[in-house]
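K.L.:
Sequence first, then the predicted structure, then my questions.
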Amino acid sequence: MSERELLNKIKEGDISMFRRFIDLYNRDLYLFSLGYVSTREIAEEVVSDVFLAVWKNREKLDQIRSVKSWLLVMTKNQSISYLRKEQPDTIISIDDIGEADNYYIPQIQAPDNNIISLEEMARINEAINALPPKCKEVFMLAKIEQIPYKEIAQILNISVKTINVHIAKAIGVIAKLLNE
């Protein structure tokens, strides 16, 4: 079943298809939120709120071009809203949130271990983890999640040029660390 067919079934109120939708995106959204809120329970609550909002607005699902990008934007906004609500006397800057060093970094797997050894893969993952937080976030969205730069710009509320700068910096840092 295609993503569009799944969305149409959800729009019609099909609960079993909505559960399938949740299973499809839950882990990624949870890990993305965890990078912002730093607590498992809060990340779970944020993701639950996102899925509740999707269900409440299911009649508009056919207007969504990129579901994953849309969900990531909702998750980011809900995470930030939660932080602001829980800490009303504290000024929370997006840049401060970006300094959290606990974004989920999936371990990159080599398709053929004859091409890249496990040791080299470990070094690549270590180099990615050494990136500055915002640079790491942009790199992960662009190169690991393979989200288009325009969509990343919308998700993070930054320009495409800034994304290019982060990607160039990430590649430079990774290359330097791998050549050491």
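P.N.:
Right, received. Where do you want to start?

K.L.:
Where does residue 155 fall, secondary structure wise?
P.N.:
Assigned by DSSP states H and E, residue 155 belongs to helix 149-156.

K.L.:
now for that helix, which elements pack on it?
P.N.:
The contact analysis (3 or more CB pairs under 8 Å, 6 or more residues apart in numbering; DSSP states H and E) places helix 149-156 against helix 67-86, helix 133-139, helix 160-179. No exception for glycine: its C-beta is placed from N, CA and C like everyone else's.

K.L.:
Return, as residue ranges, the portions of this protein with sub-threshold pLDDT.
P.N.:
87-118 (pLDDT under 70).

K.L.:
I'd like to know how far the residue most central in space within it sits from residue 144.
P.N.:
By CA atoms, centre = their mean, the chain has its centre lying nearest to residue 32, at 4.4 Å. Remark: distance between residue 32 and residue 144 (CB to CB, to the nearest Å) = 12 Å.

K.L.:
repeat for residue 7
P.N.:
Distance from residue 7 to residue 144, by CB to CB: 24 Å.

K.L.:
Which one's more surrounded, the two?
P.N.:
residue 7 (18 against 12; other CB atoms under 10 Å).

K.L.:
So the more buried one sits against residue 62, correct?
P.N.:
Yes - at 6.7 Å, residue 7 counts as touching residue 62 under the criterion of CB atoms under 8 Å.

K.L.:
got the buried residues for the longest helix along the chain?
P.N.:
Ordering each helix of the chain by length in residues (DSSP state H) puts helix 15-37 first. For helix 15-37, burial by neighbour count (16 or more other CB atoms under 10 Å) applies to 17-18, 21-22, 25, 28-37.

K.L.:
Noted, bye for now.
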